[in-house]
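Participant: Kindly return the folded structure for what I paste below:
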Amino acid sequence: MMLKMKNIKFYIVSALVFLVMSCDEDFLIQKDLFTQLDENYYSSPDEIDAALAAVYAAIPTDAGNNNPTLLSELMSDDRFGGGGTNDIGFKDTDAFTISTEDYYRPVWRTYYEGIFRANMILKRFDQANYTDENAKNQALGETYFLRAYLYLKLCQLFGTVPLITDPAPVNFPKASPEELFGQIAFDLKKAIELMPAIPYNPSGDQSRLGHATKWAAEGMMARAFLFYTGYYQKSELPLVEGGGSVTKNQVITWVDECIASSGHGLVRDFRNLWLYSAADTTSDYPYNNILGGLDNKTAKWVGESGGNIETVFAIKYSLFGGWNAPNKLSYSNQLSLYMGLRGANNNWVPFGQGWGGGPVNPQLWDSFEEGDIRKEGSILNVNNPNEGAIYGNYVWNGDNSQHETGMYGKKYLPIIYNSNNSIRSIYSKFYPGTSTDMQIFNMQDEVLLRFADILLMGAELGSANAQDYFDQVRERAGLTSKPVTLENIKIERRHELCMEGIRYFDLLRWRDAEAAFAIASNIPVKTTNLDEMYVSSFRPETGGFLPIPESQVRLSNGLLLQNPGWE
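Facilitator: Model (predicted):
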């Protein structure tokens, strides 16, 4: 579905650009042309769908270095800055410093663009003529979900931000945490109540892949609840518009319903979730022939066309990444590019080239239990003979690499193959004609919410099924049962969800960040092939949040205050 949505976004932007470039005096005096776009456009299900596509398109950013998953990984204790000598932003994010005052403007701008688009839909939705009540509720529920998701990410990255629920151009100060999370909770509750309870069907309508569902809203409510109540030390989520609150018991009810009724579940072999398991098991990647997991079979990628029952919500990237249209770069998976191996070459197949962001902290590698298949399933260790061609061929200081540990997050690495001595994305095997440009040929899903995460959140919340939920995740990893204590859940989340942009926000809400970063220090790394000691630089005076782009502070004429620690 994201292919269709990205196309719609491109056509809308192109049309607006054409109109602006075609302005003359006669055009400027015809106010009804603008009024029709604003007041009359949202009049049919098709127009609502097109407008929704533009909201979805705001989830990835047009600047790959501002991909929210990348930012949160660079901020965590399990990843270092990396990149090359010119990738100052990687190191700034990792070290909680700033060299460019507007470095984080792309994610701020893009998310508020998405919020504006959602606000427009909500303001005009009643004028849309629906004949199918379920379709109407689904579209309205998706809109509420998307606004809540964008605000939740802004709050996780920047702390308190302006709360804007109307498309009118008004200069707002920061809202309080209670106001922001009250709106997030209200929107997610509306989404849960509106969207039909249709179980996920792997053989169902593939055009719906990438759309939010009732189940995604239930899982995201748990995420919002745990972050707000943990970070701000509250017991409930507030609700705007009528007051009240969302209690822990209500969240548990939604999580239990999602787990029991959504149709989602765990993929049997953890490795099959990730694109590397699509590599040729006989030549490109012998690791996939290693027996392991519950099936005792070789890895085989579950794909992105419906068979992956574990993905609850994901960004669906496309074939149409490019350079010649607004935001078109974000149609491709820039997360994979920015985390790809720096200086990769034909001898490193199936792992492709990228900018080397986020080398893995070796302490994470050492922390896994014996027999946990997620260790090699999540981390590429160039010193591991199971990794095939890269073992023995890896070149340290590939293109002036920084913070090299010899370990990389395997889940989102570019996966390639050698075609007559020409490197191509593995996607060109699935979709002939795929670009050969390594900056735009990655298109694997970026999974924003997995069923395993929902199981672990249900266990942490204290569901009556907590032990069963916890054991399901461990059993899939090849491990035996352990008591479902908070400390054990923390360890399990670190290992199950590493490389997925979750760890850092878990540390913040558990109030464990300072202790974790104190451990993640004085670690041997190589920078431009010179030995040095990595020293973590978490700054508690920032509250763990990024600085607001200074251009936005100036534009507010002093109404929007910079975050503490970044003044």
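
Participant: okay, now His555: neighbour count?
Facilitator: No, residue 555 isn't His; it's Leu. If you count neighbours by other Cβ atoms under 10 Å, Leu555 ends up with 11. In short, each C-beta sits where N, CA and C put it, glycine included.

Participant: my bad, Tyr331
Facilitator: The burial count assigned to Tyr331 is 27, neighbours taken as other Cβ under 10 Å.

Participant: which non-adjacent residue is nearest Leu337?
Facilitator: Leaving aside its chain neighbours, Leu337 sits nearest to Gly354 (4.9 Å; criterion: Cβ to Cβ, 6 or more residues apart in numbering).

Participant: which sections of the protein are below the confidence cut-off?
Facilitator: 1-38, 282, 291-297, 325-327 (pLDDT under 70).

Participant: Spell out, range by range, the strands that occur in it.
Facilitator: Counting by DSSP state E, one finds strands in the chain at the ranges 237-238, 245-246, 311-315, 379-381, 407-409, 416-419, 422-425, 446-450, 523-527, 530-534.

Participant: and the fifth one, which residues are buried?
Facilitator: Which is strand 407-409. For strand 407-409, burial by neighbour count (16 or more other Cβ atoms under 10 Å) applies to Met407, Tyr408, Gly409.

Participant: do the same with the fourth one
Facilitator: The neighbour-count criterion (16+ other Cβ under 10 Å) identifies Ile379, Leu380, Asn381 as the buried residues of strand 379-381.

Participant: for the first one, what are its contacts?
Facilitator: Residues in contact with Ile379 (Cβ atoms under 8 Å, 6 or more residues apart in numbering) are Val360, Leu364, Trp365, Met407, Tyr408, Gly409, Lys410, Cys498.

Participant: Give me the distance between the third one and Pro199.
Facilitator: As defined by Cβ to Cβ, to the nearest Å, Trp365 lies at a distance of 38 Å from Pro199.

Participant: When the two are compared, which one has more neighbours?
Facilitator: Trp365 (19 against 12).

Participant: Report the separation between that one and Gly343.
Facilitator: Taken as Cβ to Cβ, the span from Trp365 to Gly343 is 21 Å.

Participant: Quick check: chain neighbours aside, which residue is closest to Ile184?
Facilitator: With Cβ to Cβ, 6+ apart, the residue lying closest to Ile184 is Ala148, at 4.7 Å.

Participant: Assess the claim that the one you found and Lys189 are in contact.
Facilitator: No - at 9.1 Å, Ala148 and Lys189 do not qualify as touching, with contact defined as Cβ atoms under 8 Å.

Participant: give me the number of residues near the residue nearest to Ile416 when sequence neighbours are not counted?
Facilitator: Once its chain neighbours are removed from consideration, Ile416 has its nearest residue in Gly352; the separation is 3.9 Å (Cβ to Cβ, 6+ apart). Taking other Cβ under 10 Å as the criterion, the count of residues near Gly352 is 23.

Participant: what do you get for Thr229?
Facilitator: The tally of other residues near Thr229 (other Cβ under 10 Å) stands at 19.

Participant: so it touches Ser245, yeah?
Facilitator: No - taking contact to mean Cβ under 8 Å, the distance of 10.6 Å between Thr229 and Ser245 leaves them out of contact.

Participant: which residue packs closest to Trp566, ignoring adjacent ones?
Facilitator: Spatial nearest neighbour of Trp566, excluding adjacent residues (Cβ to Cβ, 6+ apart): Pro547 at 3.6 Å.

Participant: Gln562 is in contact with the one you found, correct?
Facilitator: Yes - in terms of Cβ under 8 Å, Pro547 counts as a neighbour of Gln562; the distance is 6.5 Å.

Participant: Name the residue in these two with the higher neighbour count.
Facilitator: When Pro547 is set against Gln562 and neighbours are counted by other Cβ under 10 Å, the residue ahead is Pro547, at 21 against 13.

Participant: what residues are up against that one?
Facilitator: Ile98, Glu101, Tyr104, Gln562, Asn563, Trp566.

Participant: Tell me the one of the buried residues of strand 407-409 nearest Leu448?
Facilitator: Proximity of the buried residues of strand 407-409 to Leu448 was ranked by Cβ to Cβ; the top entry is Gly409 with 16.0 Å.

Participant: can you count the residues close to the nearest residue to the closest one once chain neighbours are set aside?
Facilitator: Take Gly409 and drop its neighbours on the chain: the residue closest to it by Cβ to Cβ, 6+ apart is Met499, 3.7 Å away. Residue crowding around Met499 was assessed by other Cβ under 10 Å; the count is 25.
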